[in-house]
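Participant: got a predicted structure plus its sequence, pasted below:
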Amino acid sequence: MKKLAILAGVAGLAVITMLLASGAKSADDAKLDQLKGQGFARVAIANEPPYTAVAADGKVSGAAPDVAREIFKRLGVNDIVASISEYGAMIPGLQAGRFDVVTAGLFMKPERCAAVAYSEPVLCDAEAMLVKKGNPKGFKSYEDIAKDTSATIGAPGGGTEEKLALNAGVPRDRVIVVPDGQSGLKMVQDGRIDAYSLPVLSINDLIKKANDPNLEVIAPVQGAPVYCDGAAFKKGDEALRDAYDVELAKMKKSGEFAKIIEPYGFSAKAAMSTTREKLCAAK
Amino acid sequence: MEWDWNFVREIMPTLIQGVKITILATVLGSILAAIVGLAIALARRSPNRALSRSVGWFAEFIRGTPLLVQLYFIFYVLPDIGILLPPLVAGVIGLGLHYGTYTAEVYRAGIDNVPRGQWEAAKACNLSGRHTWTHIILPQAIPPMIPALANYFIAMFKETPLLSAITVLELMNQAKSVANTYYRYIEPMTLVGAFFLVISLCSVVLLRWLEHRYGRIER
């Protein structure tokens, strides 16, 4: 009798495990089905042209969302709905289920790779700094800012540049968290900060719009590597990520990928010459 | 997502840095609000119509617009006309001006509460306008309004996270930068709430005492 009970218990366990396993499997597919069903995917962006941009009429563009829109279309999801977020809030927001994917130029770095499931590389860029004309304090690298005890640097909160500056030894109180590009530009013009750091293409876009002859761009920042971003999915949505990667690879091959990102100034070659594995392993 | 006490220990020093700035901003903001409020209340009672009208209009304007918009204006727009304030100073001025327009109403109520006879007595004793205010009216008007003023200062304390929008590294901004670095919101944000709650509760105890001490109007 006892034996029978144990046997029944084991059988029951096996059934539950199978159910759980199949449940997990279908949950993966379910994510894409759910997106197809609702007809749109929620993406996080930062409003930092040319990576991500929101026009005055609310239309979302920029290289990263454009690539995502095309890929989701191919996957059967008609549209993307974007919400603007701070860089630092993107990964927690993704984990909390506020977005389905982050397409914002969130560069791949080992600690981010550990927190999210990245697609293959999409956009690559080096780092730059915006300073006053003639670069009065002679910055070339983040270390130069660390050395000059009166120098301050602005960077997006939770962005790659903030971490690069902190890692180079700039103390926390001299790394000013700047909410958006326009504020950063204004703060350099007003002399509130000595330098404002963003990727090269973003700074170039900013200075082109500002059209201010009293500003200057230092690019690339010495010692800062070239980073690449990818679409970042929640851990557990790997099936969706894999489906995304397949379409991305097809577009890279057919040249459509280059057609989307090159008008924005990004190099398709740079993204195609590296892989997620390499970037996530890099120090 | 679960609670991590080690993480709490790790981020505590950073958050305490933020608490200091938050308290500093509140204290300085309160002092400014108390002064601005008194100035507005006095100016509105001025016999000079132009002065009382324009100050009244100014106070209505400040009270009718959001503090966040005012902070952005002070921080990002004033430099265009050559006024460049450091973030904390800009924040204190924003808080002080905004709450000053509210405390002005408290002053007004306090002054109105001084019996008419006191004014008449001052006149009868041939006291000058200045003497009437400093020796008769204000000493009687201010003590009963201390609890109401303190109430506004506690409210102001809870508004200080808005200063994070103009890059002041106060408690909320520190918590955000911690969250940005570790991708965890639960501990930093819970701690921010806890800090605010503890300080507010302590202030409420102080407020009760003030009410007990000064709240009764002696006639």
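Facilitator: It's in. Because the structure is a prediction, the values reported are computed rather than measured. Numbering: from 1, shown residues only, chains lettered A, B, ... in the order given.
Participant: going forward, measure contacts and count neighbours with C-alpha atoms only.
Facilitator: Noted.
Participant: can you give me the buried ones in the one helix or strand residue B:92 maps to?
Facilitator: Per DSSP states H and E: residue B:92 is located in helix B:87-112. If you call a residue buried by 16 or more other CA atoms under 10 Å in any protein chain shown, then helix B:87-112 has these buried ones: B:87-108, B:110-111.
Participant: equivalent analysis for stretch A:107-121, please.
Facilitator: Buried residues in stretch A:107-121 (16+ other CA under 10 Å): A:107, A:108, A:109, A:112, A:113, A:115, A:116, A:117, A:118, A:119, A:120, A:121.
Participant: which of the residues you listed sit farthest apart?
Facilitator: Spatially, the most separated pair among these is A:115 and A:121, at 16.4 Å (CA to CA).
Participant: related to what we said a few turns ago, in helices, which of the buried residues of stretch A:107-121 fall?
Facilitator: Secondary structure assignment by DSSP state H places A:112, A:113, A:115 of the buried residues of stretch A:107-121 in helices.
Participant: nearest to chain B among the residues you listed?
Facilitator: Chain B lies nearest to residue A:115 out of these, by CA to the nearest CA, at 8.1 Å.
Participant: which ones are touching whichever residue of the stretch 51-200 of chain A sits closest to chain B?
Facilitator: The stretch 51-200 of chain A approaches chain B most closely through residue A:88 (3.9 Å), counting by CA to the nearest CA. Contact partners of residue A:88, counting by CA atoms under 8 Å, 6 or more residues apart in numbering or on different chains, are A:157, A:158, A:159, B:177, B:179, B:180, B:181, B:183.
Participant: which helix or strand contains it?
Facilitator: Under the criterion of DSSP H and E, residue A:88 resides in helix A:87-95.
Participant: and residue A:41, by the same measure?
Facilitator: strand A:40-45.
Participant: helix or strand right after that strand?
Facilitator: Scanning forward in sequence from strand A:40-45 by DSSP H and E, the next helix or strand is strand A:53-54.
Participant: now that following strand: mean pLDDT?
Facilitator: Here strand A:53-54 scores 90 as its mean pLDDT.
Participant: now do stretch B:60-70
Facilitator: Taken as a whole, stretch B:60-70 has an average pLDDT of 96.
Participant: same question for stretch A:142-150.
Facilitator: On average, stretch A:142-150 scores 94.
Participant: tell me what residue A:42 is bridged to.
Facilitator: Judged by DSSP bridges, the bridge partners of residue A:42 are residue A:81.
Participant: try the one 10 residues further on
Facilitator: Per DSSP bridges, the residues bridged to residue A:52 are residue A:48.
Participant: ok so, going back, ok, residues contacting the next helix or strand after the helix holding residue B:92?
Facilitator: With elements assigned by DSSP H and E, the helix or strand that comes after helix B:87-112 is helix B:116-124. Here helix B:116-124 makes contact (CA under 8 Å, 6+ apart) with B:132, B:136, B:137.
Participant: could you do stretch A:47-65 as well?
Facilitator: For stretch A:47-65, the surrounding residues in contact (CA under 8 Å, 6+ apart) are A:43, A:45-46, A:82, A:84, A:103-105, A:122-123, A:180-181, A:201-202, A:205-206, A:260-261, A:264-265.
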